[in-house]
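Colleague: Compute the structure for the input listed below.
(2 chains)
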2 protein chains.
Amino acid sequence: MRRVAIGGFGLTKFNKQDVSIESLMLSSIKALFDNSPNLTQKDVSVVLTSTNDNNKYLANIVSEIAGISPKISHSVESLCSSGANSVISAFSYVASGLAEVAVVVGAEKFDNPGLVLEWDKSRGQYKHPVYWSSMFTRSHMRKYGTTMEDLATVSAKNHKNAVANPFAYFDREYSVDEIMHSKNITQDVRVLDCSFPCNGSAAVLLASEDIIKKFTDCPVWITGVGQKTISAGFTKNEDLTTMKSIKHAANDAYTMSKKEPADIDVAEVHDAFSICEIMEVEDLGFAQKGRGNQFVKNLYETQDRKINPRGGLIGSGHPLGATGIAQIVEIAQQIQSKAGKRQINGARVGLVQNMSAAATSSTVLIFES
Amino acid sequence: MRRVAIGGFGLTKFNKQDVSIESLMLSSIKALFDNSPNLTQKDVSVVLTSTNDNNKYLANIVSEIAGISPKISHSVESLCSSGANSVISAFSYVASGLAEVAVVVGAEKFDNPGLVLEWDKSRGQYKHPVYWSSMFTRSHMRKYGTTMEDLATVSAKNHKNAVANPFAYFDREYSVDEIMHSKNITQDVRVLDCSFPCNGSAAVLLASEDIIKKFTDCPVWITGVGQKTISAGFTKNEDLTTMKSIKHAANDAYTMSKKEPADIDVAEVHDAFSICEIMEVEDLGFAQKGRGNQFVKNLYETQDRKINPRGGLIGSGHPLGATGIAQIVEIAQQIQSKAGKRQINGARVGLVQNMSAAATSSTVLIFES
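Modeller: Numbering: from 1, shown residues only, chains lettered A, B, ... in the order given. Next up, the predicted model:
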């Protein structure tokens, strides 16, 4: 398998302006080209678009308006983890030798059709993702004593981190107390425990070892990838205190990269709701099972940005098809020491975890300098 | 790059019954498993769904209902060539070493949202694909003297071939005279020159050299792949008598497989309209430019099934996301000598050409025994 690295990236400010999906995608591709002085349209042989948008042929449309005439182009969809799925697809084109340079662009509008899980009849009337979040929350509380304050700490930490991220939707801190008193959506989930659907777009450049030095002096190598689909329906979750797909995906990614949780300097994890981050730091092996709450509390109290330095989904906003790619952009910036105020000193190994629909599927990537 | 082969397939009868996209996909996956006695759900580490359907998370949904818990799963969309795009994506996962066994399932409903090219403002009011077909037809007539009878011959040949295909939508022959007198949709295109949107589903199994023998004694090796995206909009077609994306994609596929047009024993080409097949046999190098009409006429008169033995899109029907995969299933059957009444004697090298939106993008694959 050929080595593959991230060689460039582009982002747009997450917001709720009225703009087309094509414009969103083009904006982050333009930012990618602006950030990559040696990149020309002719270099690009793969363009993948990651989105839940219903418009068709988007990979060809954005290729044309970006002046790119690639070999391979199509859209990838897998709900909230479309982004990480599409990056691993691009990875496989380059790793196999079918392509040298790939651009992956993810984008979503705030009113996208991936938000409601209409198809999952096992959920009955409880189709909105907040209901599975509520069940995870209650289960973790019962088994491990996680509190509403622990959950508020996740949100407070990620909103605080987002203040240093110029592309984040939210731009102010929220105190634990403020989050504790925000409106309840269910008995167990408050509005400030939820990630926020918004517009956003993110793009990354992947290239082979043979050509990566043309685009960057600091390639960010993708050394581990892992993916797992347990199911689509919620009822296959046998244990509501563990996200099984994450454990499978992480195990494969750690094995491939010959890394352990202790080796990870910085991680973006999929905090669709506050409870998710607590379970994820456990299931990724950063904290012992049942101690995720303490782990996150400690990060908050010591102002350690190790987990979700850009503010995660709760602080940055959650444009579904862009989220996984924006996570990867953050880790690439951290490893290249380009993360500005968010920089984790000496970050050399990073991890991204992106998932869909109550962690019925997950993707984990490991990056190294 | 690791060698990859087709090791099994499944098809559904193309029709217009009222059925869900999930059921369509499951039907061809079931047929694939029925045809592959040694295949178990645990063998499968990739499930890709190819469709223009607006439903989300379909790769996970069909995985769950098929009893598969893969690593990688997502949907691929690139209009009419979603099928060939998704097979090449699966090829890259296996070729790179990320996966050993992949199932790719394509399906579409007759009223799918990929049929009208709303997004292409360069087409003005002429959004239906029949208008680009009409422009290609008129251009080829002017430059090379192609006649309305030549076009009818394509349709007559493919309908005749489809009679021997139990999965085809159409099940009777149409004479050249009958086609000549069928209703005009534009001045240059009659209803029987058009492919027909219908329901359909097709699935293929791809596996690495290490494991393919578990599933079949006759692996069908994918020895060449080529893809090219020229644009999305119609106005990038500078010469309306040539489909430029096909020439690029075919050149790459021939080079990779070290084959020439003369080596191809059997081919499925994307006859969205009669004129397409005439231009495709030219642009794939089977006939000299301008002589595609004579080439096809000769096939018809000698009852040679070499091009579109299953009846192509005109005879079989055109369920967008399934079409490219159904083409591949036909070529795999031909190379395995399992094509029944449609069998080309001694077929050892086959080609599939699948495309989207007036050949603004094309995919070509070459298969060998």
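Colleague: Look up how far residue A:83 lies from the residue most central in space within chain A.
Modeller: Closest to where the C-alpha atoms of chain A average out (Cα atoms, centre = their mean) is residue A:324, at 3.1 Å. Residue A:324 is 2 Å from residue A:83, where distance means Cβ to Cβ, to the nearest Å. In short, each C-beta sits where N, CA and C put it, glycine included.
Colleague: Name the residues contacting each of those two.
Modeller: Contact criterion Cβ atoms under 8 Å, 6 or more residues apart in numbering or on different chains; residues shared by residue A:324 and residue A:83: A:50, A:106, A:354.
Colleague: Now for the second one, how many residues are close by?
Modeller: Meaning residue A:106. 34 (other Cβ atoms under 10 Å in any protein chain shown).
Colleague: Looks like it contacts residue A:321 (just checking).
Modeller: Yes. Proximity of residue A:106 to residue A:321 meets the contact threshold set by Cβ atoms under 8 Å, at 4.3 Å.
Colleague: who touches both of those two?
Modeller: In contact with both residue A:106 and residue A:321: A:49, A:50, A:51, A:82, A:83, using Cβ under 8 Å, 6+ apart.
Colleague: Keep those residues, but drop any that are not near chain B.
Modeller: Among the shared contacts of residue A:106 and residue A:321, the residues that sit close to chain B (Cβ under 8 Å from any Cβ of the partner chain) are residue A:82.
Colleague: Mark which of the shared contacts of residue A:106 and residue A:321 are part of helices, please.
Modeller: A:82, A:83 (DSSP state H).
Colleague: Would you point out the most distant pair within the shared contacts of residue A:106 and residue A:321?
Modeller: A:49 and A:83 (10.5 Å; Cβ to Cβ).
Colleague: Adding pLDDT and neighbour count, write the shared contacts of residue A:106 and residue A:321 out as a markdown table.
Modeller: A markdown table is the format used below for the shared contacts of residue A:106 and residue A:321 (pLDDT from 0 to 100; neighbours: other Cβ atoms under 10 Å in any protein chain shown):
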| residue | pLDDT | neighbour count |
| --- | --- | --- |
| A:49 | 98 | 33 |
| A:50 | 98 | 36 |
| A:51 | 98 | 30 |
| A:82 | 98 | 33 |
| A:83 | 98 | 33 |
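Colleague: between the shared contacts of residue A:106 and residue A:321, which is nearest residue B:235?
Modeller: residue A:49 (21.4 Å).
Colleague: For the stretch 251-369 of chain A, just list every one of the strands.
Modeller: Along the stretch 251-369 of chain A, counting by DSSP state E, counting those that start in this stretch, strands occupy A:266-268, A:349-356, A:361-368.
Colleague: export these to a markdown table and tack on mean pLDDT and distance to residue B:276?
Modeller: A markdown table is the format used below for the strands of the stretch 251-369 of chain A (pLDDT from 0 to 100; distance: least, Cβ to Cβ, whole Å):
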| stretch | mean pLDDT | distance to residue B:276 |
| --- | --- | --- |
| strand A:266-268 | 98 | 46 |
| strand A:349-356 | 98 | 38 |
| strand A:361-368 | 98 | 38 |
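Colleague: Distance to chain B and mean neighbour count added to the ones you listed, as TSV?
Modeller: As requested, those are exported to TSV (distance: least, Cβ to the nearest Cβ, whole Å; neighbours: other Cβ atoms under 10 Å in any protein chain shown):
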stretch	distance to chain B	mean neighbour count
strand A:266-268	20	27
strand A:349-356	7	28
strand A:361-368	6	28
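Colleague: before we move on, back to that, okay, and the common contacts of residue A:49 and residue A:83?
Modeller: Common contacts of residue A:49 and residue A:83 (Cβ under 8 Å, 6+ apart): A:106, A:321.
Colleague: Which helix or strand contains residue A:246?
Modeller: Residue A:246 belongs to helix A:244-257 when assigned by DSSP states H and E.
Colleague: List of residues touching that helix?
Modeller: Residues beyond helix A:244-257 that count as contacts (Cβ under 8 Å, 6+ apart) turn out to be A:223-230, A:237-238, A:260-261, A:280, A:283-285, A:351, A:353, A:355, A:359-366, A:368, B:71.
Colleague: before we move on, what about stretch A:288-308?
Modeller: Contacts of stretch A:288-308 (Cβ under 8 Å, 6+ apart): A:143-147, A:150, A:153-154, A:156-158, A:160-161, A:241-242, A:265-269, A:271, A:277-283, A:286-287, A:315, A:342, A:344.
Colleague: same thing but at 7 Å, please
Modeller: A:144, A:146, A:150, A:153-154, A:156-158, A:161, A:266-269, A:271, A:277-279, A:281-282, A:286-287, A:342, A:344 (Cβ atoms under 7 Å, 6 or more residues apart in numbering or on different chains).
Colleague: Now the terminal residues of it, how far apart.
Modeller: 19 Å (Cα to Cα, to the nearest Å).
Colleague: Buried ones in that stretch, by neighbour count?
Modeller: Neighbour counts over stretch A:288-308 (16 or more other Cβ atoms under 10 Å in any protein chain shown) mark A:291-297, A:299-300, A:305-308 as buried.
Colleague: For these, give me a markdown table that also has pLDDT and distance to residue A:60.
Modeller: Shown next, in a markdown table, are those (pLDDT from 0 to 100; distance: Cβ to Cβ, whole Å):
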| residue | pLDDT | distance to residue A:60 |
| --- | --- | --- |
| A:291 | 98 | 48 |
| A:292 | 98 | 43 |
| A:293 | 98 | 47 |
| A:294 | 98 | 49 |
| A:295 | 98 | 45 |
| A:296 | 98 | 43 |
| A:297 | 98 | 48 |
| A:299 | 98 | 43 |
| A:300 | 98 | 45 |
| A:305 | 97 | 39 |
| A:306 | 98 | 40 |
| A:307 | 98 | 38 |
| A:308 | 98 | 34 |
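Colleague: Just flag the most distant two among those.
Modeller: A:291 and A:305 (19.7 Å).
Colleague: what mean pLDDT does stretch A:322-333 have?
Modeller: The average pLDDT within stretch A:322-333 is 98.
Colleague: How far off centre is it?
Modeller: The chain centre lies 6 Å from the centre of stretch A:322-333; the measure is Cα atoms, centre = their mean, to the nearest Å.
Colleague: got a list of what the closest residue to residue A:346 other than its chain neighbours touches?
Modeller: Spatial nearest neighbour of residue A:346, chain neighbours left out: residue A:265 (6.9 Å); criterion: Cβ to Cβ, 6 or more residues apart in numbering or on different chains. Contacts here follow Cβ under 7 Å, 6+ apart; on that basis residue A:265 touches A:344, A:346, A:347, A:348, A:349, A:350.
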